[in-house]
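S.K.: only geometry, no sequence info:
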Ligand code: PBG
């Protein structure tokens, strides 16, 4: 029998012989510190509302939001990302409500900060929850106008910073927005407000359930965001986007969606070595949840999917399963 002289020396299975050994040599870890819980807030509802296309995820009204934040904190998750579900009567073509100091987002940020000052709040900046056409910017001559939109994004960012948001996260994909918002923040003395840029945000069908959740799907109709969100065919372009955002003053960059774009996470992290987040978006979450509910996949696929983000180099992950996974990790 042929014996490879090297073979008995090298048995990779030695380091897989028990769970303690596996833990000892583990290259990556996933902890509660890496997880960010997106939360939907809605005005004029008492209690909560289910979102049909996102199993287990709810919209919270003012009377129920604090209890939910408390339960997130108890799970070990310290950061939340808020998304507003705005009354259709408040939507217009310019998304004016976005810049109202007392809008749902600002009031919710204040309410949460008063009760949980240590919780880190990420506030999304984009106009789509506020526009009657469902686009992230102002439309002029049938085109989402970049520079007109920047003015509104600056004001939107300022009201959110003033309300107490720790992190402002522009998700609109207008060119030059990071620079425009950074300048507005510096000029108004919000020098420590963190900018998390959705730098590489792709034009993806995986956002479908989110658009149901915030009721923007019907506003958008069959219109596409392809004139501002990135084409799924491109990866070099993601580096260009990130380089631009770093130059303009982004502190953290994000890739979105997550699992189908982990190559982009890895590319950005290895190229720029800056804090890099990834967003496991609504469609990814719902796909897994539905298969789990059917019994076609084991519950553990959710954890496994998040480990893949860590392997790719993500420093933190926005995921609708943050609270649930955090509780699981901390039970072990
Ligand atoms: C809005 C925004 C979207 C998401 C986060 N912020 C949707 C979109 O761009 O249409 C998607 C998140 C998800 O699918 O979970 N600018």
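M.R.: In hand now; what should we look at? Keep in mind the model is a prediction, meaning the values are calculated, not measured.
S.K.: State the distance spanning the first to the last residue of stretch 40-51.
M.R.: In stretch 40-51, first residue to last residue: 10 Å (C-alpha to C-alpha, to the nearest Å).
S.K.: Tell me the buried residues in it?
M.R.: For stretch 40-51, a neighbour-count test (16 or more other C-beta atoms under 10 Å) marks 40, 41, 42, 48, 51 as buried. For every residue, glycine as well, the C-beta is placed using N, CA and C.
S.K.: Just the mean pLDDT for it, thanks.
M.R.: Averaged across stretch 40-51, pLDDT comes to 95.
S.K.: is that stretch anywhere near the ligand?
M.R.: No - using C-beta under 6 Å from any ligand atom, stretch 40-51 never reaches the ligand; the gap is at least 10.0 Å.
S.K.: now the buried residues of stretch 40-51 in JSON lines, with secondary structure?
M.R.: Compiled in JSON lines, those are given as follows (DSSP: H, G, I helix; E, B strand; the rest coil):
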{"residue": "40", "secondary structure": "strand"}
{"residue": "41", "secondary structure": "strand"}
{"residue": "42", "secondary structure": "strand"}
{"residue": "48", "secondary structure": "strand"}
{"residue": "51", "secondary structure": "coil"}
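S.K.: what's the most distant pair in the residues you listed?
M.R.: Pairwise distances across the buried residues of stretch 40-51 (C-beta to C-beta) peak at 12.6 Å, for the pair 41 and 51.
S.K.: contacting residues for residue 132?
M.R.: 88, 91, 92, 93, 219 (C-beta atoms under 8 Å, 6 or more residues apart in numbering).
S.K.: try it again with 7 Å
M.R.: If you count contacts by C-beta atoms under 7 Å, 6 or more residues apart in numbering, residue 132 has them with 91, 92, 93, 219.
S.K.: how close does it get to the ligand?
M.R.: Distance, residue 132 to the ligand, using C-beta to the nearest ligand atom, to the nearest Å: 15 Å.
S.K.: Relative to the ligand, which residue of the stretch 1-150 of the chain is the closest?
M.R.: Residue nearest to the ligand within the stretch 1-150 of the chain (C-beta to the nearest ligand atom): residue 126, separated by 3.6 Å.
S.K.: now that residue, nearest residue through space, not along the chain?
M.R.: In space, not counting the residues next to it along the chain, residue 126 is nearest to residue 172; the distance is 3.9 Å by C-beta to C-beta, 6 or more residues apart in numbering.
S.K.: For the one you found, grab the count of nearby residues.
M.R.: Residue 172 has 25 neighbours, counted by other C-beta atoms under 10 Å.
S.K.: my read is it is in a helix, agree?
M.R.: No - the assignment for residue 172, made by three-state DSSP, is coil rather than a helix.
S.K.: just to revisit the earlier point, near the ligand too, which of the contacts of residue 132?
M.R.: Among those, no residue sits close to the ligand (C-beta under 6 Å from any ligand atom).
S.K.: So which of the residues you listed wins on neighbours?
M.R.: residue 91 (23 neighbours).
S.K.: who's in contact with residue 174?
M.R.: Counting by C-beta under 7 Å, 6+ apart, residue 174 touches 137, 146, 149, 150, 153, 228.
S.K.: now do residue 284
M.R.: Neighbours of residue 284 in contact, by C-beta under 7 Å, 6+ apart: 206, 257, 258, 259.
S.K.: Between the two ends of stretch 54-69, how far is it?
M.R.: Counting by C-alpha to C-alpha, you get 19 Å between the two ends of stretch 54-69.
S.K.: on that earlier part again, export the contacts of residue 174 to CSV and append columns for secondary structure.
M.R.: As requested, the contacts of residue 174 are exported to CSV (three-state DSSP):
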residue, secondary structure
137, coil
146, helix
149, helix
150, helix
153, helix
228, coil
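S.K.: Looking at these, which one is closest to residue 62?
M.R.: Within the contacts of residue 174, proximity to residue 62 (C-beta to C-beta) peaks at residue 153, which comes in at 25.7 Å.
S.K.: What about residue 127, how many residues nearby?
M.R.: Neighbourhood size, residue 127 [other C-beta under 10 Å]: 27.
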